[in-house]
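Trainee: pasting the structure only:
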């Protein structure tokens, strides 16, 4: 399998996982170089490619862009639309509820949560 580029970001980051899953489903391989937030994204080399220093970011031989805008997958408009459809399905129908589950588990949401008073 040929490597199509580098994805700068954390392997455990939600957006990175979604991108790598879509790439795996399309039989594409993407390298994930070592990344240390606050260090790697502040180097002059990184900022030259990605001026805002945000991740995930995709880089190949010709393109450096935020991964969400890279159009990595799909050979035509129909395939790109299908990939976009499934990525957004995961993002809004599955991952979106992660915050509520974490809040319930952490005790900050639900019938037994402590009341927060704003001053």
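Mentor: Structure received. All values derive from a computational prediction rather than experimental measurement. Numbering: from 1, shown residues only.

Trainee: which residues in this protein form strands?
Mentor: In the chain, strands defined by DSSP state E lie at 3-8, 29-31, 57-59, 64-66, listed in chain order.

Trainee: Centroid-nearest residue for this structure?
Mentor: Taking CA atoms, centre = their mean as the criterion, residue 15 is the residue nearest the geometric centre of the chain, at 1.8 Å.

Trainee: What score does it have for pLDDT?
Mentor: The pLDDT attached to residue 15 in the predicted structure is 83.

Trainee: What distance do you get for it to residue 46?
Mentor: When distances are taken as CB to CB, to the nearest Å, residue 15 and residue 46 turn out to be 17 Å apart. In short, each C-beta sits where N, CA and C put it, glycine included.

Trainee: again with residue 81
Mentor: Applying CB to CB, the value for residue 81 to residue 46 is 31 Å.

Trainee: between the two, which one's more packed in?
Mentor: More neighbours surround residue 46 than the other of residue 81 and residue 46, with 19 against 11 (other CB atoms under 10 Å).

Trainee: Tell me if I'm right that the more buried one and residue 40 touch.
Mentor: Yes: in terms of CB atoms under 8 Å, residue 46 counts as a neighbour of residue 40; the distance is 5.9 Å.

Trainee: Would you mind grabbing the residues shared as contacts by those two?
Mentor: residue 8 (CB atoms under 8 Å, 6 or more residues apart in numbering).

Trainee: per-residue pLDDT, residue 52?
Mentor: Note for residue 52: predicted pLDDT of 82.

Trainee: For it, give its distance to residue 46.
Mentor: When distance is defined by CB to CB, residue 52 is 10 Å away from residue 46.

Trainee: dump the residue contacts of residue 21.
Mentor: residue 90.

Trainee: cool, the one 10 residues further on as well?
Mentor: With contact taken as CB under 8 Å, 6+ apart, residue 31 is in contact with 3, 5, 6, 7.

Trainee: Please name the spatially closest residue to the second one (chain neighbours excluded).
Mentor: The shortest distance from residue 5 to any residue that is not its chain neighbour, by CB to CB, 6 or more residues apart in numbering, is 3.4 Å, and that residue is residue 60.
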